[in-house]
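> Got a predicted structure plus its sequence, pasted below:
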Amino acid sequence: MGVEEIVLLNEADEPIGSAPKAPSHHRTTPYHLAFSCFLVNGAGEVLITRRALGKRTFPGVWTGSCCGHPGPG
């Protein structure tokens, strides 16, 4: 498997290129295409998840139900 890439965006949300995903996530992460989904049940409860402590980026951080990055193309 090759290097996973993210889609870089300008301030108008237009694609301007790509970059390797892993080294791009840090304190000054560049603006890029990503998504977060939130699952809500009939009682209005929201499922949140906690990132694994072994993750390279943002270990242990609480986040949405599902998050990800669409790749280039």
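Yep, that arrived.
> Tell me the buried residues in the lowest-mean-pLDDT helix or strand in the chain?
Within the chain, confidence by mean pLDDT, DSSP states H and E is lowest for helix 21-24 among all helices and strands, at a mean of 88. Going by neighbour count (16 or more other C-beta atoms under 10 Å), the buried part of helix 21-24 is Lys21, Ser24. Backbone N, C-alpha and C define where each C-beta goes, glycine included.
> residues in contact with it?
Residues from elsewhere that reach helix 21-24, judged by C-beta atoms under 8 Å, 6 or more residues apart in numbering: Val3, Glu4, Glu5, Ile6, Pro30, His32, Arg56, Thr57, His69.
> between those, which is closest to Ser18?
Distance from Ser18 was checked for each of the contacts of helix 21-24 by C-beta to C-beta. The minimum falls on Glu5, at 4.4 Å.
> State the distance from the residue of the chain most remote from its centre to Asn10.
Relative to the C-alpha centroid of the chain, counting by C-alpha atoms, centre = their mean, Ala43 is the outermost residue, at 27.1 Å. Ala43 sits 41 Å away from Asn10, taking C-beta to C-beta, to the nearest Å as the criterion.
> Likewise for Ile16?
Distance of Ile16 to Asn10, given as C-beta to C-beta: 5 Å.
> Same question for Ala22.
From Ala22 over to Asn10 (counting by C-beta to C-beta), the distance is 22 Å.
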